[in-house]
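**Q** please find the sequence and the predicted model below.
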Amino acid sequence: MSEVEETIKRIQSHKGVSGIIIVNADGIPIRTTLDNSTTVQYSGLIHQLAAKAKSTVRDLDPQNDLTFLRIRSKKHEIMVAPDNEYLLIVIQNPNAV
Amino acid sequence: MSDTEGKEVSDKEKEHSEEKEMDTAKSPKPRKTPPSSGKSSPKKPGSAKSGTMTPKSPAGSRGRATPKSKGKREEIKMETPAPEEEEDATLPDHCEPIFLSSKTQTIFSCVCDSDVTKENRFKIIPKAAILEDLHNRAGVCDFHPIKNKIIEYPGEEFLLVYDRDFKFGQNFYICFSEETKEKLLHPPKKEGEVVEGEGGVPGEEAEDTTVYKYVPPQSKEWVSHGSEKEIKEESVVEMRRRLKVSVRRKRKLFGAPCKFTDRNVGDAKDGYVECTSYKDKTFDLQKIELDKGIQAIPWFMDSGTQTEWKYPRNANTQYYPREFSQHEQQEILKKKQTGTFMDGVCPRFQLALQQNEIMDVFFNDWLNLGEADNTFGSKADNHLKEYQSFADLQFSKEKKITDIQWHPTIKGIVAVSVAEKLTFDERIDNASKVIMTPSLILIWSFTDPINPQLFLEAPDDIHSFQFCPSNPNIIAGGCQNGQLVLWDISAHADRLKQPRGGNRNKRATVLPGFEDPNALKTPIVRYCAVSSIENSHHAPITDIMWLPDHVEINRMGVPQENKGFESCQIFTCATDNCILVWDTRPTKGPQQQQQGAKPKDKDGTKNPIGVPDTFKHLDLTWKPMLKVHLHKSEPGGDHAPTKFSIAEKQGDRGALSKATDGGVPDKEASVTGGYFQSGKPGSGREKRTLQTVKTHFFVGTEDGEVVYVDWMPQKDQDTGKIQTPKPDFYHTMHDGPIMTVQRSPFFMDILLVVGGWNFTIWKEAVVSGPILQSAPNPIRMTSGFWSPSRPGVFYISKVDGSVDVWDLLDKTHEPSITQSVSPSAITKIYPHAVSHKQHLLAVGDSSGTLHILEIPWSLRLPAPNEVTGVANYFEREVKRRGFVVQRWDFREHEKRELEAEAKKKAGIAPNVLLTDEEIEYRLKLEYQTYMEAEGNFLRELGITKEEEPLPQTYSVTQFLSDTGTQRHRNSVSRYPVTGFISD
């Protein structure tokens, strides 16, 4: 099993994790544990949001950078880790914990 | 034709002629002198008429046509610049016709019909250019003949006008004066209009000009249109001769000194002349005609409209998300970059995920703060606090409080009924004393703890009373002697409503010396109706209840819609085995006549002071409209009710929405179901029958039984009489008379029953018994009441003067709080929500004192989800009840088995448990074989040939078959079953 799959498995083993998506820099999903339509929607929207968040942080301080983005909603929490080339999105339902 | 018309016509004509005069200054038509006023010209009546009235007539059209055509010509003149015959007449001043050869024309760029045309005739040529030309071409130059004039010309530029038609002999003419040049270039417009007739100015210039010159209007000759007559009419002119008055006085009186004195008006005969106003006939004219001016204006209307904006939408482009193929995805995933990214990012995710797992950081503690402290046992203040207490030295001391009622609308008003503390025998012994002391209901106000606000006088001690829910000024009470009493306190309602004690207010407002000696005395309100003693209960009325205002029941017990929404029916119960239903409305039919006769003689003889005749029609003749007799299923007397509770609730109008029109007789149903199904339409002709109103109700009896019965009478199958059916079930769960049967304000099917030394909680659909039964308390309970705000809380009062507070969600084996309130036994308890923040508990004791206690907030505020919690608790209890019933069957079965076991051990019964028939059959078989064997044996021996039965064996079969018949369980109760078997 590849490194990626191992990591995904490790994250998935946490309680309440309902989905993991890896997205490339263009917002195109590479690997997902969700169904296609949800994946496409998540990747498209979160990619934009992450890009905006990243630019905000960089605008405030050009030497700073965004490393992690947590979005807490009523139903679940969306965690995003942006990188130069990839974006990892994890959706967790904290109430199910 | 009347005069005015004629004048009008003449005026019109004048106008006409004027118009013509102006228009046709030079018209070929002969000028017409305006006809003299008042007389129309004989030739033109038609035209005059047509001008005003019938413009369609041919004469009229001709008459008008003339000026019109003139007008047209005018226009034409203005539009077309071509000056016609008028223009050729005069060459403008200081102008010289000149011929320009084509060569010259090209030099000055004024070639005929190209640079200059008929329409654009003017050409400005600088003087220098002409001089240069003269110099260059000298004699050949076209300007040579006028060389001197050119040199003399003061201006810098010449105006050259193209004369296409050679009107002045040459093809051009030139201007030598600035004024003429100006005039030609900018002919004044006014001039063009006014001096049109002269035709001096070409019309075309009028169009080009934009500057308007003011020409003062010329005064014209006055033409009368009749307005001078109006002015004449308006002006005031002396019509009659002036009146002459001469006033004379004697000479000596002039300058005489005056002497003024006072005198009375009445002294002199004509000292006072009154000028009263009167109606003057002279001015009594009716206005028939009215001058009124009106002007018609066009209607204006503002309206707006808004169009919906259809924004452009791209309908042609379709898109789909970009995706990688399976292969591409694999490729990317295999990259080392991806792996390192995932490794780098993973710890952050694990941290975040773990944080969420450990605790919810967004949990709102404030929202859930109060919950923990709400249960009992915490240090919170949860004791009943004494708020006020009421006792009247004269009327309530040494008596016991029998009932408490809070006023339904006025805050801080509570009524208590008091009764003598005597047993039946003592009462008879002291009859004379008892009769002499008045029986009262005391109405207390929080503003005055010493004096009651009102006394309600009753014929005998009141044991139970209630305010009418729809009209709180009506109070119904049940007497010791079984009579039902009604009071109307409408006259004293203000006294109760006064914020301060009524007494003090009165003292303040009344003048000194005029005090009403009775002002300080509490008024005594006499009852206004009492039921007929023959038709009343034959025992003290222990419970009374007004039927909710949306329901009424007819003589057949059928619940119907009450359209008036006024409570008018009362349920009463007494220990004489029946519950009566009374109607406060006057009855119709033959009874009314009897009634009508009785009050008549009463009117004259006695009408007690201040008794309102609200219920006069009922007094002493009032009969119940329905009697519910509580038959017992078994012999040994009937049920003696002390308390009851019906399902319908005041203010709950739910039943009305499900009402059906008319009562369709359906005799079959209602035997099993609690819902009303059958009955006659009854007296309520157009009243809708309320199908969902339960006619079954709970009754608590003197013997501690809880009876569930249908109040609707049915035809008895044996006797054929219409009477109350036998109760659906009854259980004896209490060791003393039942003191309270009350439905929970939150669950309509949950009842609290208090009596003897314990209480029980019942659910309406559960017939096998109570869903909760308390352990017997060492102290007898006297009454109970559900909390008005907390579904799981109720209060129970006891004879030792203490109050128990039970919280079903806290514990069910003992009360949550026990608090001593009074030194004497508590007889009645009634919690009441005065406001959202204040709940009071009224406690009446057997020494005549009414204690008002404040309920702490912990008992007032329901816990979150308390209703569901309590509902779940009741549900569990119902299940437990079901399990208990199952166990009864199981025990029965077990018992049978044990018996069989015992028999088997004794060697009587076989190993295998057989049915009775089988056993019998087997025994018979055995017996037969035995008989055969015996017969054979005896025959062999030759002793006897007769057969003898064995008595022992037979008795066993007999016993078994007997128990078999007894095995079906009596469904009524568990205890009767055991009793039956032990028999």
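**A** Good, I have the coordinates.
**Q** is chain B contacted by the longest helix that chain A contains?
**A** For chain A, the longest helix by residue count, based on DSSP state H, is helix A:36-60. Yes: using Cβ under 8 Å from any Cβ of the partner chain, we find that helix A:36-60 touches chain B at A:Val40, A:Ser43, A:Gly44. Yep, even glycine has a C-beta here, placed from its N, CA and C like the rest.
**Q** and which of these is nearest chain B?
**A** A:Val40 (4.3 Å; Cβ to the nearest Cβ).
**Q** report the contact partners of that closest one.
**A** A:Val40 is in contact with A:Pro29, B:Pro321, B:Glu323, counting by Cβ atoms under 8 Å, 6 or more residues apart in numbering or on different chains.
**Q** give the contact list for the closest residue in space to the last one that isn't next to it in sequence.
**A** On the basis of Cβ to Cβ, 6 or more residues apart in numbering or on different chains, the spatially nearest residue to B:Glu323 that is not a chain neighbour turns out to be A:Ile28, at 6.3 Å. Under the criterion of Cβ under 8 Å, 6+ apart, the contact partners of A:Ile28 comprise A:Ser43, B:Pro321, B:Arg322, B:Glu323, B:Phe324.
**Q** out of those residues, which is most surrounded?
**A** A:Ser43 (26 neighbours; other Cβ atoms under 10 Å in any protein chain shown).
**Q** residues in contact with it?
**A** Per Cβ under 8 Å, 6+ apart, neighbours of A:Ser43: A:Ile21, A:Val23, A:Gly27, A:Ile28, A:Pro29, A:Thr32, A:Leu87, A:Ile89, B:Pro321.
**Q** give me the distance between A:Asn93 and chain B.
**A** 9 Å (Cβ to the nearest Cβ, to the nearest Å).
**Q** what pairs with the strand or helix carrying A:Ile78, parallel or antiparallel?
**A** Assigning secondary structure by DSSP states H and E places A:Ile78 in strand A:77-82. Paired neighbours of strand A:77-82 in the sheet (DSSP bridges): strand A:69-72 (antiparallel), strand A:86-92 (antiparallel).
**Q** just name the most buried of these.
**A** Across the strands paired with strand A:77-82, averaging neighbours per residue (mean count of other Cβ atoms under 10 Å in any protein chain shown) puts strand A:86-92 on top, at a mean of 25.
**Q** in chain B, where is pLDDT below threshold?
**A** B:1-90, B:187-209, B:368-381, B:499-520, B:587-611, B:658-686, B:908-914, B:944-983 (pLDDT under 70).
**Q** how about the residues of it by chain A?
**A** B:321-324, B:329, B:332-334, B:337-339, B:341-346, B:348-350, B:352-354, B:356-357, B:360, B:362.
**Q** want to try JSON lines for the residues of helix A:36-60 next to chain B, with pLDDT as columns?
**A** What follows is these, written out as JSON lines (pLDDT from 0 to 100):
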{"residue": "A:Val40", "pLDDT": "93"}
{"residue": "A:Ser43", "pLDDT": "92"}
{"residue": "A:Gly44", "pLDDT": "92"}
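**Q** returning to what we had before: just the contacts of A:Ser43 now: which is nearest B:Lys118?
**A** Set against B:Lys118, the nearest of these by Cβ to Cβ is B:Pro321 (77.2 Å).
**Q** name the nearest residue to that closest one, ignoring sequence neighbours.
**A** Using Cβ to Cβ, 6+ apart, the closest residue to B:Pro321 is A:Val40 (4.3 Å).
**Q** B:Ile829 too?
**A** Per Cβ to Cβ, 6+ apart, closest to B:Ile829 is B:Ser797, 4.3 Å.
**Q** correct me, but B:Ser567 touches B:Leu547?
**A** Yes: applying Cβ atoms under 8 Å as the test, B:Ser567 and B:Leu547 come out as touching, 6.0 Å apart.
**Q** dump the residue contacts of the closest residue to B:Pro815 other than its chain neighbours.
**A** Among residues not flanking B:Pro815 along the chain, B:Asp804 sits closest, at 3.7 Å (Cβ to Cβ, 6+ apart). By Cβ under 8 Å, 6+ apart, B:Asp804 lies in contact with B:Tyr795, B:Ile796, B:Ser797, B:Lys798, B:Pro815, B:Ile817, B:Thr818.
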